[in-house]
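S.K.: here are the coordinates; sequence isn't available:
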């Protein structure tokens, strides 16, 4: 079965950096686009970044453009999100997801359990 396991979250000061990783299994990772989605306290889901199967096509939300970098290692079945210049408003649970077409929903596609990122001094 599809499994997505995130790691790398934690508490960081404003301006700091974190690197999230997502270990994927149960499907042919190299054949699929992958995503990072976040949910801040009391807010809805926000698509942070997408990467296609070959890492040729990338998408970033305006809120993270220039600060976050998505990448993947198809040999290791792992997805990454390098986050720099972190701001308090980046505080959220970050999910690795293999999304299905349609509206963003945790009831659609495959999602990890999430990793908490807290940006605070």
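M.R.: Sure, I can see it. If you're wondering where the values come from, they're calculated on a predicted model, not measured in any experiment. Residues are numbered from 1 along each chain as shown.
S.K.: How about the residue nearest to the spatial centre of the chain, nearest residue that isn't a chain neighbour?
M.R.: Per Cα atoms, centre = their mean, the C-alpha nearest to the average position across the chain is that of residue 36, at 2.4 Å. In this structure, residue 36 finds its nearest non-sequential neighbour in residue 48, 4.4 Å apart by Cβ to Cβ, 6 or more residues apart in numbering. From N, CA and C alone the C-beta is placed, and that goes for glycine too.
S.K.: Residue 79 too?
M.R.: In space, and not counting its chain neighbours, residue 79 is closest to residue 22: 4.1 Å by Cβ to Cβ, 6+ apart.
S.K.: ditto for residue 71
M.R.: For residue 71, ignoring the flanking residues on the chain, the nearest one in space by Cβ to Cβ, 6+ apart is residue 80 at 4.7 Å.
S.K.: which parts of the host helix or strand of that neighbour are buried?
M.R.: Assigned by DSSP states H and E, residue 80 belongs to strand 78-83. The neighbour-count check on strand 78-83 (16 or more other Cβ atoms under 10 Å) flags 78-81, 83 as buried.
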